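Asks: Here is a sequence with its predicted model. Questions after.
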Amino acid sequence: MINRVLLIQPFSVVGAYNLEQVMLKGQNTEAPLGLGYISSFLKQSMPEIDVEVFDADAIASEHITRAGIVNMDDLWGIIRKKIKDFKPDAVGVSCLFHSSAPTAHKTIDECKKVIPDCVTVIGGNYPSASPKDALKNPNLSYVIFSEGDSSFTQLIRSLNNAEEPLNNVDGIAYYDGEGNYKERSKEKMIDRIEDIPFPDRSNFHMDLYAVGRAPIRRMRGREGVRIGTLTASRGCPFLCTFCSSKDFWGQTLRYREPAMVVQEMREMRDNYGINCFVFNDDNILSVPREIIALTKAIKDANLGITWASGGGMQVSALSPKVIEALYESGCNYFNLAIESGNAATLKRIKKPLKDKDASAKVIETIRAAGDGWICSNFITGFPFETQEDIVENLDYCQSLDLDWKCIFKFQPFPGTADYETCVEKGYLKPFELWREGGWGDMLTLNTENFDSDWVDNTNYFVNLKTNFVNNINLYSKPEQAIRDFDYIIEIVPDQAFAYYGRGEAYNNMGNIDAALQNFKIAASLAENSKTLEVNCIKSASAILYAKIKWFEHFETFDIDLEQKIKGISSASLEVS
């Protein structure tokens, strides 16, 4: 009989946390909304069940910050102690991404070590796309497909009634007692998502989330900004071949009533002091009338807040009317979903952006309508692309009037059409993704047209050139450039070009002391890299570390840091 349920958000890292990154608040610790929704739904449907959300990732950040060291044995011990103290009959573990599968599975293994008889369940994009792979772990009892609010509750009720889960749970996979694989695909999403109660935040670490890392800080900064996450919709109507969102949430867009969204925002503001909201919807702008209604409700509520879309904004949905409504309701952070400047690639990946020139026009409209911060993602190295296609995309990327260009190498996520293409063509062999270290194979895609290292190097050169050396805000908006570089340094404390860029921005503001300090740090990192390998994350989504020789990159861009330091020092002495 299941009477006690523990829902666990695992550590967000595979291996060990980076101490400096955590201390700089660069570790991405975000409220586990999915578990919060499952908890509130279960409490509403089965009030006799004792359920609790345990955010191990948040607790790890808090523990490391207090201790000033990273000891993973201690952190895993905290999880084991929680399991021992709570004594759950069932444990639900969230695993949104394939890259975090090893940590999720280790969490499941730890649960079984402490309580061998507990039922273990996993949900998220990873197990939904790769259920058989996930169930190779003998300590895992069940996989829940897609949104888990109702399905998880159905599973608990089914087990308590001694019923066959396959007959009673919509969206589930498992092995029965005789070793037979059982699967029931998700047949029905929750039509009226406003009927789902607000996420259960009673065990959330709201103060930590409020001050943690979030892309919106690139514009808002940290001073007085408290961030909270929520959702206004579920689903994505598009068929992008590299994305699994449509399969997880369904293609039918389901919006919550604007009044309910505003009510949740008001409660988060009043209870937790949240004044900047990030919507984690995959495609919040897809239906213009819905976003217009939401922005009007936010504006009319006069909450004194700002907000942003965490997911990419669909370019074709950004009409002048929508852009105006976004600005008026407190949204001036624009994360565009351009992806590619190659027309053939856009068509092949089924992006809902038919005319690539539309992006430049939308950017121009955003600039004219207000003081917005604009970025976009660009993906290179799709399995069907040539080197010429990749270069064309990067050239287009550099031509756009964006505050930041986020350049990613294509990764073939299981469950997507592009993943299947990679397997069919022999670029990738299926393997046990949850084995630690296995995910690295997903980041080294080689085809007859290009190899992985060439894509890495080409992307990284353009990233340094356009975002750091030639950052568009260095002279016109140096304060904005500094916020961007602050954000990068929080994530990658030894990113030499971020210190260089910050030094240039301070220099352009006339703050010579701050400029010198940053140039000296950049020079030190460059000098050290002549003999030491420096760890640097290549992109925001990368889980592997590249070994960067910073001095070589500065030489490539003909940047002499020592001469710059001497020049500024001499000028400063003459003035004084």
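Replies: Received, thanks.
Asks: what about residue 117, how many neighbours?
Replies: By other Cβ atoms under 10 Å, the residues close to residue 117 number 6. C-beta here means a position set from N, CA and C on the backbone, and glycine is covered the same way.
Asks: which stretch of helix or strand covers it?
Replies: Remark: residue 117 resides in no helix or strand, with elements defined by DSSP states H and E.
Asks: List the residues that contact it.
Replies: With contact set as Cβ atoms under 8 Å, 6 or more residues apart in numbering, residue 117 has no partners.
Asks: Run through the neighbouring helices and strands of the helix ranked longest in the chain.
Replies: Among the segments of the chain that qualify as a helix by DSSP state H, the longest is helix 512-528. The helices and strands touching helix 512-528, judged by 3 or more Cβ pairs under 8 Å, 6 or more residues apart in numbering; DSSP states H and E, are helix 496-509, helix 550-556, helix 561-575.
Asks: how big is the angle separating that helix from helix 496-509?
Replies: Orientation check (axes from the mean of the first three to the mean of the last three Cα atoms, to 10 degrees): helix 512-528 against helix 496-509 gives 160 degrees.
Asks: ok, residues contacting helix 512-528?
Replies: With Cβ under 8 Å, 6+ apart as the test, helix 512-528 has contacts from 494, 496-497, 499-500, 502-504, 506-507, 534, 550-551, 554, 561-562, 564-565, 568-569, 571-572.
Asks: List the buried residues of that helix.
Replies: Along helix 512-528, the positions that meet the burial threshold by neighbour count (16 or more other Cβ atoms under 10 Å) are 512, 514, 515, 516, 518, 519, 520, 521, 522, 523, 525, 526.
Asks: Just name the most buried of the helices and strands packed on helix 512-528.
Replies: Among these, helix 496-509 has the highest mean neighbour count (mean count of other Cβ atoms under 10 Å), at a mean of 25.
Asks: Could you list every helix and strand in contact with that helix?
Replies: Here helix 496-509 is seen to pack against helix 473-476, helix 478-491, helix 512-528, helix 550-556, helix 561-575 when contacts are counted using 3+ Cβ pairs under 8 Å, 6+ apart.
Asks: How far away from the center of its chain is it?
Replies: 27 Å (Cα atoms, centre = their mean, to the nearest Å).
Asks: Only alpha carbons, please: show that helix as PDB.
Replies: This file holds the C-alpha atoms of helix 496-509, laid out as PDB (Å, rounded to 0.1, in the frame of the first residue of the first chain):
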ATOM      1  CA  ALA A 496      39.000  34.900 -20.500                       C
ATOM      2  CA  PHE A 497      37.200  36.700 -23.300                       C
ATOM      3  CA  ALA A 498      34.400  37.700 -20.900                       C
ATOM      4  CA  TYR A 499      36.900  39.500 -18.700                       C
ATOM      5  CA  TYR A 500      38.400  41.100 -21.800                       C
ATOM      6  CA  GLY A 501      35.000  42.200 -23.000                       C
ATOM      7  CA  ARG A 502      34.100  43.500 -19.600                       C
ATOM      8  CA  GLY A 503      37.300  45.400 -19.500                       C
ATOM      9  CA  GLU A 504      36.600  47.100 -22.800                       C
ATOM     10  CA  ALA A 505      33.100  48.000 -21.700                       C
ATOM     11  CA  TYR A 506      34.400  49.600 -18.400                       C
ATOM     12  CA  ASN A 507      37.100  51.400 -20.400                       C
ATOM     13  CA  ASN A 508      34.400  52.900 -22.700                       C
ATOM     14  CA  MET A 509      32.600  54.100 -19.600                       C
END
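Asks: Rounded mean pLDDT for it, please.
Replies: Averaging pLDDT along helix 496-509 gives 97.
Asks: got the angle between the longest helix of the chain and helix 478-491?
Replies: With the same axes, to 10 degrees defining the directions, helix 512-528 sits at 40 degrees from helix 478-491.
Asks: For my notes, please list the helices and strands packed on helix 496-509 in CSV and give distance to residue 65 for each entry.
Replies: Below are the helices and strands packed on helix 496-509 laid out as CSV (distance: least, Cβ to Cβ, whole Å):
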stretch, distance to residue 65
helix 473-476, 31
helix 478-491, 13
helix 512-528, 23
helix 550-556, 28
helix 561-575, 32
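Asks: could those helices go into CSV alongside mean pLDDT and distance to residue 54?
Replies: Compiled in CSV, the helices and strands packed on helix 496-509 are given as follows (pLDDT from 0 to 100; distance: least, Cβ to Cβ, whole Å):
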stretch, mean pLDDT, distance to residue 54
helix 473-476, 97, 41
helix 478-491, 97, 26
helix 512-528, 95, 38
helix 550-556, 94, 40
helix 561-575, 78, 47
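Asks: closest to residue 378 out of these?
Replies: Checking the helices and strands packed on helix 496-509 against residue 378 by Cβ to Cβ gives helix 478-491 as the closest, at 16.8 Å.
Asks: Can you give me the domain boundaries for the chain?
Replies: Here the domain parsing of the chain from automatic domain parsing is 4-184, 214-311, 473-576.
Asks: among the ones you listed, which is nearest residue 405?
Replies: The minimum distance between residue 405 and the domains of the chain falls on domain 473-576, with 11.3 Å, by Cβ to Cβ.
Asks: How are the helices of the stretch 251-400 of the chain distributed by residue range?
Replies: Defined through DSSP state H, counting those that start in this stretch, the helices belonging to the stretch 251-400 of the chain, from first to last, are 258-272, 288-301, 320-328, 343-348, 357-369, 387-399.
Asks: Show me what the longest one is packed up against.
Replies: The elements that helix 258-272 packs onto, with contact taken as 3+ Cβ pairs under 8 Å, 6+ apart, are helix 206-211, strand 227-230, helix 288-301.
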